[in-house]
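1. model the following, please.
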Amino acid sequence: MTSVYESLLLKLANVLELATQDQGTLTPQAKQALVRSTKEYKDSMKEAHDFATNLPGGELSVQEQDEVIQMLEKLKERKKRQLTEFAEKVGSISSSSQQDVKMEVDSTASTPA
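-> Alright, predicted model coming up:
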């Protein structure tokens, strides 16, 4: 999709270059190249328009888009907090289980065979 938008400027420049090459009479080959280039540009514009028209959320007003953005930012913050809490719990569990392992090793080592 991005390539469609990136190619628009190049195609327009090509049309303008072909249209202004010779200000005199155009040869049949030059006319054909101009028509072909113009058609390619027109087709790319239609494709870009279709992409833009069919974007999800494109039917929302600016205010509705701002509300969705605000809701997503709140969701992001909540997920960050949950992730931080989870990381803290995992950290405390792993440090306590390491102490248990050390105690088991110590008690095993002190037991006569």
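2. what about the helices in the protein?
-> Here the chain has its helices, by DSSP state H, at 2-20, 28-53, 62-110.
3. is it possible to get TSV of those that adds mean neighbour count and mean pLDDT?
-> Any C-beta I mention is one placed from the backbone N, CA and C, and that applies to glycine too. Converted to TSV, the helices of the chain look like this (neighbours: other Cβ atoms under 10 Å; pLDDT from 0 to 100):
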stretch	mean neighbour count	mean pLDDT
helix 2-20	13	87
helix 28-53	13	91
helix 62-110	10	80
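4. neighbouring contacts of stretch 60-72?
-> Around stretch 60-72, the neighbours that count as contacts under Cβ atoms under 8 Å, 6 or more residues apart in numbering are residue 57.
5. 10 Å - rerun?
-> Around stretch 60-72, the neighbours that count as contacts under Cβ atoms under 10 Å, 6 or more residues apart in numbering are 57, 58.
6. stretch 13-25 too?
-> Looking at stretch 13-25 with Cβ under 10 Å, 6+ apart, the contacting residues turn out to be 7, 26, 30-31, 33-42.
7. most widely separated two among these?
-> 7 and 26 (24.6 Å; Cβ to Cβ).
8. still on that earlier bit, go through the contacts of stretch 13-25 and name the one nearest residue 77.
-> Among the contacts of stretch 13-25, residue 7 lies closest to residue 77 (Cβ to Cβ), at 38.7 Å.
9. leaving aside the residues next to it on the chain, what's closest to the closest one?
-> residue 44 (6.0 Å; Cβ to Cβ, 6 or more residues apart in numbering).
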